[in-house]
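1. A structural model of the following input is requested.
(one chain, ligands or ions: 1)
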Amino acid sequence: MTGDPPGERAIAVAGLKVWLEKTLIVDGVDLDVGPGEWVTIIGPNGAGKSTALRAIGGLLPFQGLVELNGVAVDKLQRRERAKTVAIVAQSPVVPPAMRVFDYVLLGRTPYVPPLGRESGADLAVVDDVLGELDLRRFAGRRLDTLSGGERQRVFLARALAQGARILLLDEPTSALDIGHQQEVLELVDRLRAERGLTVLATMHDLTTAGEYADRMVLLAGGTVVAAGPPREVLTEANLAKHYRVRVRVIEGDHGPLVVPVRAT
Ligand SMILES: Nc1ncnc2c1ncn2[C@@H]1O[C@H](COP(=O)(O)OP(=O)(O)OP(=O)(O)O)[C@@H](O)[C@H]1O
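-> Coordinates of the predicted model:
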């Protein structure tokens, strides 16, 4: 249950084009994500996944339509946008000496009045989020003393403290071992259910991506070349064509298992 009106789309993208340094990187992408849904964008290196995600989050200029909860992202003021959508970047730049609590508190910036300070309510939100993500014991620790998995949870905590219902995750598990990958993805999935979050992610591990996504979008050369439930996207033919690899796709308990096989 998300509390959203039925039939609404949390994210609607049509004809999205993004140029970087005069090069067309995202070339006419269409995609929709329903409230409470988890959609994952996959595709080979350089396909344009991060660029598309950043444009959808309003961080890059683009051509085409991007609506978040029915409002064009480029029409949202910065603060309103931050209350609507939270982005966890692939490798967020963090001040290394900053303490975990202060970093997560940055998520409350859109709620702090100009020239004002965070309220007691903001501090309480941060404390709640730290509790929910099992991070209270790290509240006073410097960010540069955390392990990769702990740091990834802190990035998520900051995004959650923002109070946005749409979460954009750019390779949320790339630096993590399989145990921590699972931990972070389970956490996102639980929060999605409990808070009615909508998730649009990019991921490289195809089997894991397929286990958590309701639907997938395969991007290659800046365009959508396949979209649908994991079973329809993660096919041997699609992966051979767009990743130039030989794989076996085996039916697993929670979706297709993608196993690379030697060419010779
Ligand atoms: N500032 C830039 N100027 C020109 N080209 C850029 C710029 N930034 C990125 N690119 C190019 O845009 C293309 C898409 O990059 P993007 O990071 O969106 O791909 P990706 O699918 O997320 O890749 P990866 O899986 O490697 O993270 C790449 O070829 C990259 O070199």
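
2. list the buried residues of the strand or helix carrying residue 182.
-> When elements are assigned from DSSP states H and E, residue 182 belongs to helix 178-195. Applying a neighbour-count criterion of 16 or more other C-beta atoms under 10 Å, one finds 180, 181, 183, 184, 185, 187, 188, 191, 192 buried in helix 178-195. All C-beta atoms are positioned from the backbone trio N, CA, C, and that covers glycine.

3. cool, and stretch 56-64?
-> Of the residues in stretch 56-64, those buried under the neighbour-count criterion (16+ other C-beta under 10 Å) are 56, 57, 58, 59, 60, 62.

4. which residues touch the residue in the stretch 51-200 of the chain that the ligand sits nearest to?
-> Going by C-beta to the nearest ligand atom, the ligand is nearest to residue 51 of the stretch 51-200 of the chain, at 3.3 Å. With C-beta atoms under 8 Å, 6 or more residues apart in numbering as the criterion, the residues that contact residue 51 are 18, 20, 25, 26, 60.

5. just the ones of those residues in strands?
-> Secondary structure of these is defined by DSSP state E; positions in strands are 18, 20, 25, 26.

6. show the contacting residues for the third one.
-> By C-beta under 8 Å, 6+ apart, the contact set of residue 25 is 18, 19, 48, 51, 222.

7. pLDDT for those - can I get that in JSON lines?
-> As requested, the contacts of residue 25 are exported to JSON lines (pLDDT from 0 to 100):
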{"residue": "18", "pLDDT": "98"}
{"residue": "19", "pLDDT": "98"}
{"residue": "48", "pLDDT": "97"}
{"residue": "51", "pLDDT": "97"}
{"residue": "222", "pLDDT": "97"}
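
8. and those, which is closest to the ligand?
-> Top of the list for closeness to the ligand, among the contacts of residue 25 and by C-beta to the nearest ligand atom, is residue 51 at 3.3 Å.

9. excluding chain neighbours, what is closest to the closest one?
-> Distances taken as C-beta to C-beta, 6 or more residues apart in numbering place residue 25 nearest to residue 51, at 4.7 Å, with adjacent residues excluded.

10. likewise for residue 254?
-> For residue 254, the nearest residue in space outside its immediate sequence neighbours is residue 211; the separation is 4.5 Å by C-beta to C-beta, 6+ apart.

11. the helix or strand hosting the one you found: what's the following helix or strand?
-> Using DSSP H and E, residue 211 falls within helix 206-212. Note on helix 206-212: by DSSP H and E, the next helix or strand toward the C-terminus is strand 215-220.

12. elements contacting that next one?
-> The contact analysis (3 or more C-beta pairs under 8 Å, 6 or more residues apart in numbering; DSSP states H and E) places strand 215-220 against strand 23-33, strand 38-42, strand 223-228, helix 230-233, helix 236-243.

13. who touches stretch 235-243?
-> Residues outside stretch 235-243 that contact it (C-beta under 8 Å, 6+ apart) are 43-44, 206, 218, 220, 225-226, 245-249, 258.

14. give me that answer again for 7 Å
-> Applying C-beta atoms under 7 Å, 6 or more residues apart in numbering, the external contacts of stretch 235-243 come out as 43, 44, 218, 220, 225, 226, 245, 246, 247, 248, 249, 258.

15. for residue 86, grab phi and psi.
-> Backbone torsions for residue 86, taken as degrees, to the nearest 10, come to phi -120, psi 140.

16. tell me how many other residues crowd it.
-> By the other C-beta atoms under 10 Å criterion, the neighbourhood of residue 86 contains 25 residues.

17. residue 217 too?
-> Around residue 217 there are 26 other residues, counting by other C-beta under 10 Å.

18. all set now, cheers.
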